[in-house]
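**Q** attaching a predicted model along with its sequence, questions to come.
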Amino acid sequence: MVAVAAGTLLSPLFISLPSYFTVIGSINTLLVFLVYLFIRSNRYPAYELAALFFIALISIIPLIAVSGGVNSQFAYLLPLYPIMATLFGSKTQSIIIGISLFIAIIACTAFGQFFTDITGEVYNHKKSVSRGFWLAITILVSMYFGLFFQNRYRELTEKLEQLALHDPLTELLNRRGFNLQLEANIAIAKRQQSIMTLLLIDIDYFKKVNDVSGHDIGDICLKHVARCLKQNIRQTDILARFGGEEFILLLPETTEVAALPLAEKLKQSISELVIPSLNSPLTVTIGMASTAIPHTHIDGIIKAADKALYRGKANGRNRVEITSAIPS
Ligand SMILES: Nc1nc2c(ncn2[C@@H]2O[C@H](COP(=O)(O)OP(=O)(O)OP(=O)(O)O)[C@@H](O)[C@H]2O)c(=O)[nH]1
């Protein structure tokens with residue numbers, strides 16, 4: 001029983017074919033492989049689309065033609081191509097492959113009577129047109145599914161990236177997300193020789209908030225503070241939750257003198273927050289540091305801002321402290 005089933009499945013592979021089919025098939029396979037290597041090399045991206053057209057039209061049409069037109073068993077593999085292009089390539093590549101194969105099938109159906117059917121079947125126009133029609137539809141459907149999967153894959157990747165780089169409670173960047181943005185900004189600052197200022201913003205006596213009002217209210221406070229900070233900064237500023245009740249804010253192209261009024265405004269706005277179920281106002285201490293010259297190492301700025309923050313806590317909290325110009 002198993003042997004019969006295996007025989008039925010495998011027998012089409014052992015049909016004895018005329019030698020010209022083997023030669024053309026081998027040349028086609030070699031060409032497709034070379035085009036694949038060419039695309040994978042990424043050396044001539046401008047010619048990639050032309051190479052895909054080549055695979056689809058120049059190389060595949062003759063193969064379908066000599067193997068019995070759209071009735072060829074080979075033709076039934078074609079709907080796989082747009083899906084493969086989706087998995088290994090890009091959206092444009094799967095569209096190009098899909099459309100080219102669609103054209104190839106239409107062409108093979110239209111000129112089917114001119115091809116010798118190597119299986120020895122008598123050419124049947126009606127049957128060929130019907131198969132060509134369904135094959136063309138299947139290719140379009142497989143192209144659509146390929147694009148659909150690619151969109152879903154991109155959406156899911158973006159979602160995962162969002163989860164990996166953001167803090168779920170406040171929806172701000174987390175430390176990892178911040179570090180990535182920081183690297184990009186340092187590169188820009190170095191190129192433009194511009195000064196950046198960094199603020200570390202820490203909620204005062206937050207342990208007491210949790211102990212007195214409960215952890216849930218503590219969480220609500222963190223959300224309010226995050227929203228308040230976000231509302232008061234520019235879109236180009238980078239804000240993140242740096243730790244438990246600590247936030248970090250990078251102000252690109254901003255000197256210490258320009259940043260000071262903003263730091264004071266942030267401190268004031270947070271102290272004016274009205275948070276339900278919280279009896280006493282929240283206050284924050286802000287430690288601030290700027291790059292004296294653009295090549296200052298970022299770890300140095302964070303350490304300097306932390307030092308300023310520590311001083312602010314020691315000096316009574318609810319205040320802004322600055323560590324001035326750090327040498328490189
Ligand atoms: N509700 C809540 N609390 C948090 C979260 N992350 C950290 N905390 C709390 O934040 C508190 C931080 O306490 P401390 O480091 O002693 O600082 P503090 O009480 O704010 O004191 P100072 O910073 O010195 O003014 C701890 O009680 C943490 O449990 C969080 O996601 N939600």
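**A** That came through, no problem.
**Q** my guess is Gln262 meets Leu239, correct?
**A** Careful, residue 262 is Leu; it's not Gln. No. If you go by CB atoms under 8 Å, Leu262 and Leu239 don't touch, sitting 11.8 Å apart. Every C-beta, even on glycine, is put in place using the N, C-alpha and C of the backbone.
**Q** who touches both of those two?
**A** Common neighbours of Leu262 and Leu239 (criterion: CB atoms under 8 Å, 6 or more residues apart in numbering): Ile233.
**Q** any weak-confidence spans in this structure?
**A** Judged by pLDDT under 70, the chain has its weakly predicted residues at 1-22, 24-25, 55-59, 63, 66-67, 88, 114-122, 292-296, 324-328.
**Q** and the helices in it, which stretches?
**A** 2-10, 19-41, 48-53, 60-66, 80-88, 91-110, 125-165, 175-192, 206-213, 215-231, 256-271, 298-314 (DSSP state H).
**Q** now the angle from the longest one to helix 175-192?
**A** Between the axis of helix 125-165 and that of helix 175-192 there is an angle of 90 degrees, by axes from the mean of the first three to the mean of the last three CA atoms, to 10 degrees.
**Q** any idea how far helix 125-165 is from the middle of the chain?
**A** Between the centre of helix 125-165 and the centre of its chain there are 19 Å (CA atoms, centre = their mean, to the nearest Å).
**Q** next, the angle helix 80-88 makes with it.
**A** Using the same axes, to 10 degrees: helix 125-165 against helix 80-88 is 10 degrees.
**Q** for the stretch 201-328 of the chain, what lies in contact range of the ligand?
**A** 202-207, 210, 215, 218-219, 222, 244-245, 313, 317 (CB under 6 Å from any ligand atom).
**Q** make a ChimeraX selection of the buried ones in those residues.
**A** The ChimeraX command for the buried members of these (criterion: 16 or more other CB atoms under 10 Å) is given here:
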select :202,203,204,206,210,218,222,245
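**Q** of the residues of the stretch 201-328 of the chain next to the ligand, closest to Leu182?
**A** Closest approach between these and Leu182, by CB to CB: Asp202, at 18.7 Å.
**Q** does the closest one really touch Tyr310, like I thought?
**A** No. Look at Asp202 against Tyr310 with CB under 8 Å: they stay out of range, at 9.6 Å.
**Q** shared neighbours, the two?
**A** In contact with both Asp202 and Tyr310: Gly287, using CB under 8 Å, 6+ apart.
**Q** and for Ile105, the neighbour number?
**A** 28 (other CB atoms under 10 Å).
**Q** cool, Ser269 as well?
**A** Neighbour tally, Ser269, other CB under 10 Å: 15.
**Q** kindly provide the distance from the residue nearest to Ile186 when sequence neighbours are not counted to Phe206.
**A** Closest residue to Ile186 apart from its sequence neighbours, by CB to CB, 6 or more residues apart in numbering: Ile298 at 5.8 Å. In this view, Ile298 and Phe206 are 26 Å apart by CB to CB, to the nearest Å.
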